[in-house]
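Student: take a look and give me a structure for this.
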Amino acid sequence: MAEVSNSKLLQIDAGILNTNACVVIVRTEWNAAIVDELEKGCLTVFEREGVKNVKVITVPGAFEIPFGIKSFWDANKYKDDRPHAFIALGCVLRGDTPHFEYVCRGVTDGITQLNLSLPVPTIFGILTVDTDQQAQERIGGKHGHKGEEAAITALKMISITHSFKNHY
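Tutor: The predicted structure follows:
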């Protein structure tokens, strides 16, 4: 089982942070109580690290996240405050039908395509869980806080992208 305690993800080197970065969170309406907590985790990290330009866009469900991100990018890519990273937040709970697999595959493939086609990273903050208890364990429980982890990942990816432009 992957656990954040087995990584250096939560270690933030203050020298890498770009507090002028624009981060866009694209979140779902489905499973709002869980997604609200994921969003709060992201916002807590950004506030702590001094990142002020954070926008939140809400789409109906996880399947719509890639379209929301691509549409937002297309509408803002030439603006001075264009996004430096996107964070996709959602929670897909397994049900009694194959719908779970289709939604999870669709959003995963969509985010992968965004990471290959956009010049900025899209962070995968989608919980794909069997039960509500598993979701709860990932918003501050024994598996950490996946919203906080997504925000930290976004900051690190912004730094990596910036380093490519300046050093290579």
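Student: where exactly do the strands run in this protein?
Tutor: Per DSSP state E, the chain carries strands over the ranges 22-28, 53-59, 85-93, 122-129, 139-141, 144-145.
Student: sheet partners, orientation included, of the longest one?
Tutor: Strand 85-93 has these partner strands in its sheet, going by DSSP bridges: strand 22-28 (parallel), strand 122-129 (parallel).
Student: tell me the contacts of the spatially most central residue of the chain?
Tutor: By CA atoms, centre = their mean, the mean C-alpha position of the chain lies nearest to Ile87, the distance being 2.6 Å. Ile87 is in contact with Val23, Val24, Ile25, Val26, Cys42, Thr122, Ile123, Gly125, Ala150, Ala151, Ala154, counting by CB atoms under 8 Å, 6 or more residues apart in numbering. (Each C-beta comes from the backbone N, C-alpha and C, glycine too.)
Student: picking up where we left off before, include mean pLDDT and distance to Gly50 when you put the strands paired with strand 85-93 into a markdown table, please.
Tutor: Converted to a markdown table, the strands paired with strand 85-93 look like this (pLDDT from 0 to 100; distance: least, CB to CB, whole Å):
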| stretch | mean pLDDT | distance to Gly50 |
| --- | --- | --- |
| strand 22-28 | 98 | 12 |
| strand 122-129 | 98 | 19 |
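Student: can you list those in JSON lines and add distance to His145?
Tutor: Shown next, in JSON lines, are those (distance: least, CB to CB, whole Å):
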{"stretch": "strand 22-28", "distance to His145": "15"}
{"stretch": "strand 122-129", "distance to His145": "11"}
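Student: need those in CSV with distance to Gly141 and mean neighbour count, can you?
Tutor: Shown next, in CSV, are the strands paired with strand 85-93 (distance: least, CB to CB, whole Å; neighbours: other CB atoms under 10 Å):
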stretch, distance to Gly141, mean neighbour count
strand 22-28, 20, 25
strand 122-129, 12, 23
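Student: for Ile57, find the nearest of those strands.
Tutor: Nearest of the strands paired with strand 85-93 to Ile57, taken as CB to CB: strand 22-28 at 4.8 Å.
Student: apart from its chain neighbours, what residue comes closest to Val107?
Tutor: Ala62 (4.5 Å; CB to CB, 6 or more residues apart in numbering).
Student: scratch that, Gln134
Tutor: Per CB to CB, 6+ apart, closest to Gln134 is Leu127, 7.8 Å.
Student: can I get the strands of the chain in CSV including distance to Ser71?
Tutor: Below are those laid out as CSV (distance: least, CB to CB, whole Å):
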stretch, distance to Ser71
strand 22-28, 10
strand 53-59, 9
strand 85-93, 11
strand 122-129, 13
strand 139-141, 27
strand 144-145, 28
